[in-house]
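Engineer: Structure, please.
(chains A and B)
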Amino acid sequence: MALASTKFKDLDFFNQSLESGYKLLPFNFIKLDDSRYVITNIAGEYLVITKEDLYAVANKQLCPGSPVYNTLKSKHFIYDDDSSVALELLALKYRTKMAPLANFTGLHLFVTTLRCDHSCPYCQVSRQSEDKAAFDMTPEIADKAIDFTFQSPSNEIKIEFQGGESLLNFEMVKYVVEEATKRNQTENRDLQFVIATNLSPLTDGMLDFCLKYDILISTSLDGPEELHNGNRPRPGKDSYEKVMTGMQKVRELLGPDKLGALMTTTKDSLTQAKPIIDEYVEQGFSSIFLRPLSPYGFAIKTKSFDAYQTEEWLKFYKEGLDYIIELNKQGLYFIEDYTALILNKMLTPFGTTYVDLQSPSGMAISAIVFNYDGDIYASDESRMLAEMGEKRFRLGNLLQDTYEGVMLSDALLGPLEATITESMPMCNDCGFQNYCGSDPVYHYATQGDIIGNKAFSGFCKKNMTIMRHLIKLLEDDPEARDVLLSWVRV
Amino acid sequence: MLQLHTTKIECLTTSSEEAFIARLSENDQYPLPLRGKEIFLAPETHSGKLPDGFRAYFILRKNLDSVEANQDFPNVFIIPNDQHYLRDGDVIRFDPKRIKLHTLYRKNSQHNSLLVTERCNNYCLMCSQPPKDIDDSYIVQDLLVAIPLMRRETEEIGITGGEPTILGDDLIRILRALKNYLPSTSVHILSNGRNFANIDLARKVAGVKNHDLMIGIPLYADISNIHDYVVQADGAFDETIKGIMNLKRHGVKVEIRVVIHKQTYERLPQLAEFLARNLLFVDHVALMGLEMMGFTKANIDELWVDPIDYQPELVRAIDVLARYNMNVSIYNHQLCLLDKRLWPFNTKSISDWKNEYMPECEPCTLKEQCGGFFSSALFKYSDHIQPFSESEMPTKNAPQPTL
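Structural biologist: Take a look at the predicted model:
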């Protein structure tokens, strides 16, 4: 050492405390490929290491001060006698990850009517012909639903109108928006409205109302015209045309930022990843959510769900993601939303409010559904299941039950307690546990059990495959990595 | 470099004064009742008699001819020409007996820093202001006199040491004076953060409610033993991290300062990731070049690395910090050594009084944008300093790092 004088101590002096060995902090691991493992700490930081290094970590054979030792120490997989602040930092990071839980329910879905002019075979809700007013929400139910909504402690309250086709009962949309806005004058929450609609009943009067109340529009766009119309039949076979006309009007009056679209994947979609994405690009969207088909409602009844396996969907997803990454490399900033959700969990200190990627499940505590008849469901999917006769996830009724009665019911607390991934069988020790979530309704629908055997779970297979794929891209493909990192929002 | 201290002072008349703090005035019409507290600084334009009633008189040696100093006033002093920067409104400490003049505050400078103690609980390898284990508590008393004399519109005041938090309640007293006398002045404290591991101190500092307070805290590595080695204090890493968390718990703004040298550059990218994952809530990160002062000169072999050689690490570190939307700046670097992708992050940060350029810089067309050197850099600087010519002027859309 060439330090100036004996006043200074050399590095070895400060390394003495490493000699007493290191301790492991909680972490999970999972095989990435033949030679590599992904290890994740409890705050969701990951590292890809060789099999040999993983064995060395666990067997306490790491060489103190070596680069791999320092990286593991820095990322809080191990700690030594030199520093214990890792424990406080981990606690801080864990609290940060879990913080969205404390906000409690933000998204409140109001089913203003079950009526719909479309007859999509994959529809998650039994459709009803347009004239049956019996399937409309009444002002009495709406008042109760607004009361319920404002009992949520969340500062951010989002009210989303769903159907059926929500706009077929526009009077009720109007009533809820006006009443909730009035109520919010004293509540002072961050209140936002979204109308989920196929846009076919949209009138200029409705748009003026949306402009006045700063309402967002979320529509369905399944892809190019032929695919879209095939997926979404309506009298006149002109669903696509209606969407295009409606979207143009929304962009003109409300602005492009107020318009969102969701696609649903069907068997016909599986070979059309590129045309679907191109459709979204052409329509000026900056992202697409490549969604798998849900196993609910008509989807199960008509066997649409069995029509293709998770495997095939994953092929579709990867093809789509590859194409989207190419688009980004060509200079178009365009995001795949599900990928971005997972990347944010992997690469930032923050958690998510996305219902399917939460522990415990986000049912009722992230999003809650008020059906037209006052029935309260833990999620949109629970409502689908109930329409098929399985009322297990019906939490109560607005006319009969109190907020406390519903939110503290066994029907809710049972599944919540059972769906904490940190303790679920086959999730608790999974290397991806931190990035994943629980979907009790899915597992109940497919396996008859809210937890389910993950070895046979499409949910598990889907997420594990995507996460492995993303980590390989991040590790092995620098160009793709640059693109994926640009999707992370801090 | 400006000489903020001098002892080359000549007393023209008589003086029996103890050391005192005073503001300088160049105004010979200054209201009589106030003169007793001020020092008259004879301006260049002054000629003839000195005005009555000031506590003392300073005449710059080169202006001596035009001033009639042969009066019976006591406390008339000739100050050396290197004190030419002194102006009306500046605040000084003057010790007539030991003929020591020390500039505490310059009204027209953006870089006023108050040294509050020379004691420190770290002993950093590259300390530019080596600590002294002495009783210097008089400094606090001086500053409490000086602060009310400073211009109320002062934009920013720095507090430095030594380690300011060693003062404990005296630091709070200084902060309170700044709050009360300079209510719209930003306050920036340089601290190693260790004493804030005691949350009471963090609470007290936050409780003063200074306007725009920020505490700049160095973190030299993501690894405890490396940081502790650099600051020569076992356990410092843990205390510093806890200190940062406690300050943020109480809503005090924190800046992380990393000095880049041979012991810190290799893990710069890992440190950036550590900051992004653990301390994302800090308000600013400054990645800084080495100052050739104090201990740095003595430990030069253990510290020196040519900035041109750590550009890859610096680029990766900035990539990470910028991607996580952290507010990040590069301090004390010369543009000709910086990867062009880093230019948007470069900040001219060296205090005016010690900012220099080298002979190589003479023809450079980008001098105005460049941070330049610490005057101490004459001791050692990169072999790769190269002036830019006209054709290399950057475009308006400076290149951004690839993220």
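
Engineer: What's the local residue count around A:Thr186?
Structural biologist: Using other C-beta atoms under 10 Å in any protein chain shown, A:Thr186 has 7 neighbouring residues. No exception for glycine: its C-beta is placed from N, CA and C like everyone else's.

Engineer: What is the three-state secondary structure of it?
Structural biologist: Here A:Thr186 is recorded as helix under DSSP: H, G, I helix; E, B strand; the rest coil.

Engineer: Same check on B:Val254?
Structural biologist: The three-state label given to B:Val254 by three-state DSSP is strand.

Engineer: Up against chain B, what does the stretch 351-490 of chain A have?
Structural biologist: Within the stretch 351-490 of chain A, the positions adjacent to chain B are A:482, A:485-486, A:488, A:490 by C-beta under 8 Å from any C-beta of the partner chain.

Engineer: 10 Å instead, please
Structural biologist: A:478, A:482, A:485-486, A:488-490 (C-beta under 10 Å from any C-beta of the partner chain).

Engineer: Might you list the low-confidence residue ranges for chain B?
Structural biologist: By pLDDT under 70, the weakly predicted segments of chain B are B:69-71, B:391-403.

Engineer: residues near residue 231, how many?
Structural biologist: All of this refers to chain A. A:Asn231, neighbours per other C-beta under 10 Å, totals 23.

Engineer: switch to chain B, that's the one I care about
Structural biologist: 25.

Engineer: Could you list the domains of the chain?
Structural biologist: I went with chain A, as the question did not name one. Chain A is divided into the following domains under automatic domain parsing: A:25-98, A:104-322+A:351-423.

Engineer: Chain B was what I was after
Structural biologist: If you go by automatic domain parsing, chain B breaks into B:5-104, B:112-392.

Engineer: Make TSV from the ones you listed and add distance to A:Pro235 to it.
Structural biologist: Formatted as TSV, these follow (distance: least, C-beta to C-beta, whole Å):
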stretch	distance to A:Pro235
domain B:5-104	84
domain B:112-392	50
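
Engineer: worst average pLDDT in the domains of chain A?
Structural biologist: Ranked by mean pLDDT, these bottom out at domain A:104-322+A:351-423, which scores a mean of 91.

Engineer: What values do phi and psi take at A:Ile368?
Structural biologist: Listed backbone geometry of A:Ile368 is phi -140, psi 150, with angles given as degrees, to the nearest 10.

Engineer: List the contacts of it.
Structural biologist: For A:Ile368, the contacting residues are A:105-109, A:145, A:148-149, A:152, A:362, A:376-380, A:382, A:395, A:406-407, A:412, by C-beta atoms under 10 Å, 6 or more residues apart in numbering or on different chains.

Engineer: That one pairs with what?
Structural biologist: Beta-bridge partners recorded for A:Ile368 (DSSP bridges): A:His108.

Engineer: Please tell me I have it right and B:Met245 contacts B:Asn278.
Structural biologist: Yes. Look at B:Met245 against B:Asn278 with C-beta atoms under 10 Å: they come within range, at 9.3 Å.

Engineer: separation between whatever residue of the stretch 101-250 of chain A ends up closest to chain B and A:Tyr69?
Structural biologist: Using C-beta to the nearest C-beta, A:Ala102 is the residue of the stretch 101-250 of chain A that sits closest to chain B, at 17.1 Å. Remark: distance between A:Ala102 and A:Tyr69 (C-beta to C-beta, to the nearest Å) = 36 Å.

Engineer: quick one on the thing from earlier: show me the one of the domains of chain A that comes nearest B:Tyr85.
Structural biologist: Closest to B:Tyr85 of the domains of chain A, according to C-beta to C-beta: domain A:25-98, at 44.8 Å.

Engineer: Could you tell me the end-to-end distance of the closest one?
Structural biologist: Taking C-alpha to C-alpha, to the nearest Å, domain A:25-98 runs 19 Å from one end to the other.

Engineer: circling back to that earlier point, so between B:Met245 and B:Asn278, which is more surrounded?
Structural biologist: B:Asn278 (27 against 22).

Engineer: got the contact list for the more buried one?
Structural biologist: Contacts of B:Asn278 by C-beta under 10 Å, 6+ apart are A:43, A:45, A:74-76, A:85-86, A:88-90, A:92-93, A:96, A:349, B:222, B:241, B:244-245.

Engineer: Of those residues, which belong to helices?
Structural biologist: Among those, DSSP state H puts A:74, A:85-86, A:88-90, A:92-93, A:96, B:241, B:244-245 in helices.

Engineer: Which two of those residues have the greatest separation?
Structural biologist: A:Ser74 and A:Thr96 (17.9 Å).

Engineer: Leaving out the residues flanking it, which one is nearest to the most centrally placed residue in chain A?
Structural biologist: Residue closest to the average C-alpha location in chain A (C-alpha atoms, centre = their mean): A:Tyr354, at 3.2 Å. Of all residues not flanking A:Tyr354 in the chain, A:Leu341 sits nearest, at 5.2 Å (C-beta to C-beta, 6 or more residues apart in numbering or on different chains).

Engineer: next one: B:Arg93
Structural biologist: Of all residues not flanking B:Arg93 in the chain, B:His102 sits nearest, at 4.5 Å (C-beta to C-beta, 6+ apart).

Engineer: and if you look at B:Leu271?
Structural biologist: Per C-beta to C-beta, 6+ apart, closest to B:Leu271 is B:Asp222, 4.7 Å.

Engineer: number of nearby residues for that neighbour?
Structural biologist: By the criterion of other C-beta under 10 Å, B:Asp222 has 24 neighbours.

Engineer: From A:Asp33, how far off is it?
Structural biologist: In terms of C-beta to C-beta, B:Asp222 sits 28 Å off from A:Asp33.

Engineer: Same check on A:Lys237?
Structural biologist: Using C-beta to C-beta, we find A:Lys237 at a distance of 47 Å from A:Asp33.

Engineer: same question, A:Gly284
Structural biologist: Remark: distance between A:Gly284 and A:Asp33 (C-beta to C-beta) = 39 Å.

Engineer: and what of A:Ala58?
Structural biologist: 19 Å.

Engineer: For the stretch 101-250 of chain B, which residues are neighbours of chain A?
Structural biologist: Going by C-beta under 10 Å from any C-beta, the residues of the stretch 101-250 of chain B near chain A are B:123-125, B:130, B:197, B:221-242, B:245, B:248.

Engineer: Return the members of the residues you listed classed as buried.
Structural biologist: B:123-125, B:130, B:197, B:221-242, B:245, B:248 (16 or more other C-beta atoms under 10 Å in any protein chain shown).

Engineer: so of the residues you listed, which ones are in helices?
Structural biologist: By the criterion of DSSP H, membership of these in helices covers B:224-231, B:236-242, B:245, B:248.

Engineer: ok now the host helix or strand of A:Thr181, how far from the chain's centre?
Structural biologist: Here A:Thr181 sits within helix A:170-187, counting by DSSP states H and E. Taking C-alpha atoms, centre = their mean, to the nearest Å, one finds helix A:170-187 lying 27 Å from the centre of the chain it belongs to.
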